[in-house]
Each structure stands twice: as structure tokens, then as C-alpha cells.
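In: Give me a 3D structure for the following:
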Amino acid sequence: MSALVLIADGDQRRAQRIADACRASGLECRVTSHGAAALETALAELPAVLVAQLDLPLIDGPKLAAILRANPRTQPTRLLFVSERAEAAARKDLPGRLIAAPVDPDEVASGVRALLAERDGAEAPSEPIGGAGIVEGDLAQIPLADLLQLFHVSRETGTFEVSRELEVGRLARGQVLLRGGDVIAASVEAALGEKALYRLLAWDRGRFVFRPEAVTETATIQRPTRALLREGKRHVEECGRLAVDLPPLSAHVTLCIQRSALPNVIHPLTQEVLVVLELYSRVQDVIDHCSYPDYQVLRTLHTLIRRGMVELRRGPGPAEAPDTAAGIFAPAHAARLREWIEAVMPRGTPARDAKLLVVASDAGATRDFVRMLARLPGVAIDERFTTGSYSADDLTSLGRIAVDEDLGIELLHTPVAQRFAPLWPVAGHGALGALFLLSGPASRAVEAVRPTLEALRRLPRARTFSLLLLEKGERVVPEEVRENLSLLDQGSLFLIPLESSEKSSSLLREMLQRVLP
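Out: The predicted structure is shown next:
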């Protein structure tokens, strides 16, 4: 069979004349009128030579060439460009020969024969890599938005896998699913849906692989693909324009006014950001745990900072490392806790400590928690728990954590045995929240505390937090835990490694700060 020549030209009359000139030399030709069709044909039939119009519709000739060069299966394809603009002859950035206006079909056919002779004289190419239709390449050469636009036009079905190195040894991976050219789902790290897609569209470097395959997943993105790409482009442009003003992802933010000072009517986005700020302070964590797109969350944080409602501090450097000798809580934490106590206690009632229930899946979890807690400043553990002379059935004080000189949090050890079920709502009434200690296999630990957890969740203003205590060498992915253990609230699960006292103390400090209202 003769070598295949693919001619991609929006000028169909010129394309046919070039094809006729090539066929006169015994060459087989395919003719397409835009970049999407050209890519589809190139992946399916692997042409020896591509003749491409510089200003090819949908995706221009240089971008099409970049995709084919990045794909191991189509790397051997020789490239020849044509242009109706005479000034294009001065271009030096093209990965192949250029024939500018006036374009002579016989000259193009001669150029094709020269490229084929060059190919035949070179070393025979190795076997194609990858399956038919697979496209891979570099996002620095062609953005994901352009790829999705291209595959939308050609109505492709399959999976885009995208990866990017965030730092040495850490690789972020994302995925976009297409069905009939429409984007139906996306994911990257903790983000899903449109939020994930907009984050991926902002990547200006990394690798991509598209695999044509059946996509049976339920669609989680309903917005039309063209509208998604327009909105994603707007987010990228706005982030670039406001990059100096938006808070860095490594920075920390905290609410610095009383809740009562907040306006009565708050936009749902702002309200969600304020709720997430109760649990997370790092900007990256805040945007990860908000359902709105990253750009919108960053704009909201920027507005709150500008209005003095949220305080911004850069990520802790060596001079700002936490003082382990200082108390767990800052004055702002104490002020928030006092405000909460005053709101939930009857008017005129003397101020007292807040109450936090501690519920353990087994005795080992209680023992490990007490050992870690005792290392923190301002913590007083009841002697029965330091000596191990308590019973798992004791409903009693485990200890106290000082918040400031006058205010503290009483830790109430709460048994999980079913016979104590009538006491669970009584113990949980007016509590700051409930802390569930889980050790051993996560699924078994959750089953042990499930009745208590379900009972406490039914209380008004219920707040629950879970600590998964990891033995040395034990590794658990939080997303997998949340997926398999739907009983746990997303955002309330903390993983504490027992093998590192310094790391476990730091994480425990952070968890206790997030427990505060």
C-alpha cells in the first residue's frame, strides 16, 4: 500500500487540487476541512505526511502538529504547512516546511515526495506505542481547554488523565470524562465536578493522556461544555489579573470579629466560607473544602480580608514556628468560646467550662489519646486515666484543657456500651461537641461507636469530630475512609500518627483549635 498523505485545509478547492497532484504520484490521500477531523483521522490511520493549513479551523496547524508530535504513535508523521498569507514565509517557529502564497499544488506534491524520501532514507521507526486513538502530550504546548474544545467538536468519548508535579516527589493527578464530546465529570485531589474542572483548566504545565473508551459513570456536570470552557477561561484570566491581591494558598486565615457582628443576610458562598473557617485555617484547605470554584472562594477571602473580618498571615516560616511551650489556644479562640457559652447558657447563669464528650472505640484508643494529650501545655488529666485505673463503663471526667486563665474545656469520658444509650443525649446536651477516638481497622472502630455517634448526631446543633489513630507503618487515605465509612462527616476526620510525638502533638493542637465554635 502507498504511503498515506493527510491534507487538512479549510479551503476545500485547494485541498482537492493538492490531493489530485499527490495521487498523480501514486500517493493515497485523505482530505479533512478542520483540525478535529484531521486529528481523528491521524490517530486512526497514522499518515506518513500531514499537509496542514496554518490557519486551520477549530485548531490551527501548529497546534495540531504539537499534538501529533507529543503522541508517540504519530511522532513519525512528517509535516508540511501551507498558508494563503505571503508574509507567513518569514516564520521560523514551525516544526516542518512551509509553502506560502501562492500555493502551487504541484509544489506541495513535490514537497510531500521529498519528505517521504527523507523518511525512507532514515532509520525505520520503532513500533507505535500505545493503543489506537490514544493522545498524549504536554500541557505547556497545548492547554487542556483547547483539547476539550477539539474533542467536543469531534464528539469523542473517553478519559483525560492529567498530571502535574506540585513539588519534588508530589504529583497531583486529575481526570476529565467525556461522553459524545461533552464533559460529564471531573476530579482532582479533593475537588469534584465543575470545581475540579476549573482547577485543571488553570494548569499551564504537566502531562495529559486521552484514552478513547466507554464512559458509563453518571454525569455530575450538567452545564454545557462550551459554557464550562468559557467560564473556566474567565476564572483563569481573573486569577492572573488579581494574582497579587488574592491570598496565597500557603497562607493562614482566621475570623477576627465576633459572630454577632456579622451581617444578618450573607451570600451563600460567604456563609460557606465562614463555616469552613471554623475547621480550617490554611487557604488551600479552605478552598479544598468549599464546594464553590477556587477562584470564587479566593475572591471571597480577599473581600473578607479587605473588610477586616478575616485576618491573613503568611505560612509559618522558621521565625514563626509554633511555640510548643505556649498554650494551645490564642486569645481569639478564648473570645470565640466565651461568646458561644454566653449564647447557649441561660441568661444569668454563672460562666462555666465548655464540655467535650470523648468516645473511644476501645481501651487502646483512650490510652493512646491520653498519652498524646498529656504532652500538650495547659492539659490536666484525671489520675485514674494516667494510671489506667478507670473502667470503659465510667461516665466521668477524663481531664481539663485550659483555654485561658479562667476558661477551659472539660473532657467527659463517655462509654459506648448499649446499656448507656439513655445517658448519651443527657451527656451531650449543651456540649461543645463529641470527639470519637478510632483505632485498629477503621471499619471495625466505626461500628463500635456507631450507636453513640448516631444518637449524638440527633441532638440540636450537634458537632462531631473523629480521630483515627494510626500505628507505626499504618497508612490510610482519608478519601477512602470517607467513601467506605459514610457515617463520618466530610471534613471532621483527623488522622494522627502515633509513631511521631512531635507530629501527633502538632495535629492534636490543630484539631482542638478546630473544635472551638
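
In: Number of residues surrounding the residue lying closest to residue 257 once chain neighbours are set aside?
Out: Nearest non-adjacent residue to residue 257, counting by Cβ to Cβ, 6 or more residues apart in numbering: residue 309, 5.4 Å away. To be clear about C-beta, it is placed using only N, CA and C from the backbone, and glycine gets the same treatment. Neighbours of residue 309 under the rule other Cβ atoms under 10 Å: 16.

In: again, but for residue 244
Out: Applying other Cβ under 10 Å, we find 5 residues neighbouring residue 244.

In: quick one: it is in a strand?
Out: No: according to DSSP: H, G, I helix; E, B strand; the rest coil, residue 244 belongs to no strand; its state is coil.

In: got a pLDDT number for it?
Out: With respect to pLDDT, residue 244 scores 77.

In: any idea how far it lies from residue 257?
Out: Going from residue 244 to residue 257 by Cβ to Cβ, to the nearest Å gives 25 Å.

In: again, but for residue 425
Out: 33 Å.

In: Which of those two has more residues huddled nearby?
Out: residue 257 (15 against 12).

In: didn't residue 434 look like it was pressed against residue 465?
Out: Yes: look at residue 434 against residue 465 with Cβ atoms under 8 Å: they come within range, at 7.3 Å.

In: More neighbours: these two, which one.
Out: Using other Cβ under 10 Å as the criterion, residue 434 and residue 465 rank with residue 434 on top: 28 against 21.

In: Next, that one: secondary structure please.
Out: Here residue 434 takes the strand state, with states given by three-state DSSP.

In: which non-adjacent residue is nearest it?
Out: Nearest non-adjacent residue to residue 434 (Cβ to Cβ, 6+ apart): residue 357, at 4.1 Å.

In: How confident was the prediction at the one you found?
Out: Per-residue pLDDT puts residue 357 at 95.

In: Identify the residues contacting the strand or helix carrying it?
Out: According to DSSP states H and E, residue 357 maps onto strand 354-360. Around strand 354-360, the neighbours that count as contacts under Cβ atoms under 8 Å, 6 or more residues apart in numbering are 337, 340-341, 366, 369, 392, 398, 403, 407-414, 416, 427-428, 430-437, 449, 452-453, 456, 515.

In: Quick one: residues contacting residue 462.
Out: 428, 433, 434, 456.

In: out of these, who's nearest residue 174?
Out: Set against residue 174, the nearest of the contacts of residue 462 by Cβ to Cβ is residue 433 (34.1 Å).

In: Next, count neighbours for that closest one.
Out: When neighbours are defined as other Cβ under 10 Å, residue 433 has 21 of them.

In: right, and it touches residue 512 too?
Out: No: if you go by Cβ under 8 Å, residue 433 and residue 512 don't touch, sitting 10.8 Å apart.

In: hmm, back to that, just checking, the residue nearest to residue 257 touches residue 266?
Out: No: Residue 309 sits out of contact with residue 266 when judged by Cβ under 8 Å, with a separation of 10.7 Å.

In: nearest spatial neighbour of residue 377, skipping sequence neighbours?
Out: Leaving aside its sequence neighbours, residue 377 sits nearest to residue 327 (Cβ to Cβ, 6+ apart; 5.5 Å).

In: My guess is that neighbour contacts residue 405. True?
Out: No: using Cβ under 8 Å, residue 327 is not in contact with residue 405; the gap is 9.7 Å.

In: More neighbours: the two, which one.
Out: Per other Cβ under 10 Å, whichever of residue 327 and residue 405 has more neighbours is residue 327, with 19 against 8.

In: Let me see the domain layout of this structure.
Out: When the chain is parsed with automatic domain parsing, its domains come out as 4-121, 135-241, 252-320, 331-515.

In: in the stretch 351-500 of the chain, what spans have low per-residue confidence?
Out: 351, 472-493, 499-500 (pLDDT under 70).

In: go with 50
Out: 477-487, 490-491 (pLDDT under 50).

In: What segments of it are helices?
Out: 363-373, 383-387, 423-428, 442-457, 478-484 (DSSP state H, counting those that start in this stretch).

In: Three-state assignment for residue 140, please.
Out: The assignment at residue 140 comes out as coil when based on three-state DSSP.

In: Identify the residues contacting it.
Out: By Cβ under 8 Å, 6+ apart, the contact list for residue 140 reads 204, 205, 206.
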